[in-house]
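Undergrad: pasting the sequence and the predicted coordinates here, then a few questions.
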Amino acid sequence: MINKEEFRKKIIISAGQIFSRYGFKKTTMDEIAKALKMGKSSVYYYFASKEEIFEAVILHEANILRNELTTAIKSAESPIDKMKNYIFVRMKSFEKLANYYNAIFDKNLDHFNFIEKIREKYDREELAILRLIIYHGARRKVFNVTNSEYTALAIQTTLKGLEVPLFWKKKELDIEERLNAILNVLFYGIVRKD
């Protein structure tokens with residue numbers, strides 16, 4: 001007998017590939033069913049609509065990102081390495097998690113309530129992670145920060161500013177070089193310390 005949860009996951013993964021290739025609007029339930037080699041009614045047994053599948057895909061990708069970020073942070077000892085790992089993993093996940101980032105960026109998806117909830121949750125979680133890294137760095141006297149809340153917000157804003165060029169032109173940019181430049185400014189500033 002087929003495990004219902006396993007099959008839902010199979011649908012989510014398969015649909016995720018189709019959504020990332022064609023976008024939400026152009027993807028049809030027929031294509032999802034065809035990719036799974038099953039009838040459309042079988043897909044409807046597990047999900048009521050294309051929107052419901054898309055939401056499940058986005059939540060699945062959000063969990064992947066959360067797990068990768070947690071692993072990246074835990075694998076580093078120093079606050080500097082934690083911040084580096086966080087930023088690199090976050091920014092390099094764009095290609096792998098296309099649907100998640102589409103949901104965050106695509107204004108055509110704004111009418112879905114779940115999209116706004118996911119965006120808000122993403123922002124809250126990211127700020128909490130950044131605050132924690134900054135707080136530990138300040139306590140260990142590695143970071144010179146007076147307000148970890150504002151610093152986390154400034155870093156988040158910087159990363160969001162880089163998302164758009166990375167997201168739309170990812171093939172043309174050297175991501176590594178840009179991230180290192182951001183980290184350099186973040187850690188050492190632009191003012192000379194004579």
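TA: Structure's in. What do you need?

Undergrad: hey, where'd the helices end up in the protein?
TA: 4-26, 29-35, 40-46, 50-74, 79-92, 98-105, 113-139, 148-168, 175-188 (DSSP state H).

Undergrad: packing partners of the third one?
TA: Looking back up the chat, that one is helix 40-46. helix 4-26, helix 29-35 (3 or more CB pairs under 8 Å, 6 or more residues apart in numbering; DSSP states H and E). For glycine as for every other residue, the C-beta is placed from the backbone atoms N, C-alpha and C.

Undergrad: how about these, which one is nearest Arg140?
TA: helix 4-26 (39.3 Å; CB to CB).

Undergrad: touching that closest one from outside, list them.
TA: Helix 4-26 is contacted by residues 27, 31-32, 35-36, 43, 46-47, 50, 53-54, 56-57, 60-61, 98-99, 102, 106, 108-109 when judged by CB atoms under 8 Å, 6 or more residues apart in numbering.

Undergrad: what do you get for stretch 109-128?
TA: 24, 51, 55, 58-59, 62, 66, 90, 102-104, 152-153, 156.

Undergrad: weed out the non-buried ones from the residues you listed.
TA: Neighbour-count burial (16 or more other CB atoms under 10 Å) applied to these gives 24, 55, 58-59, 62, 90, 102-104, 152, 156.

Undergrad: tell me which residue lies nearest the centroid of the chain.
TA: Leu65 (5.4 Å; CA atoms, centre = their mean).

Undergrad: what's the farthest-apart pair in the buried ones among the contacts of stretch 109-128?
TA: It's Phe24 and Ala152 that sit farthest apart of the buried ones among the contacts of stretch 109-128, by CB to CB, at 30.8 Å.

Undergrad: which elements pack onto the helix or strand bottoming out on mean pLDDT in the chain?
TA: Here the helix or strand of the chain ranked lowest by mean pLDDT, DSSP states H and E is helix 98-105, holding a mean of 74. On a contact count with 3+ CB pairs under 8 Å, 6+ apart, helix 98-105 meets helix 4-26, helix 50-74, helix 113-139, helix 148-168.

Undergrad: least confident of those, on average?
TA: The weakest mean pLDDT among those belongs to helix 148-168, with a mean of 82.

Undergrad: flag every buried residue along that helix.
TA: Result for helix 148-168 [16+ other CB under 10 Å]: buried residues 148, 151-152, 155-156, 159, 162-163, 166-167.

Undergrad: quick one on the thing from earlier: the helices and strands packed on helix 98-105: which one's closest to Phe187?
TA: Comparing those under CB to CB, the one sitting nearest is helix 113-139, at 10.1 Å.

Undergrad: give me the distance between the closest one and the centre of its chain.
TA: How far helix 113-139 lies from its chain's middle: 12 Å, per CA atoms, centre = their mean, to the nearest Å.
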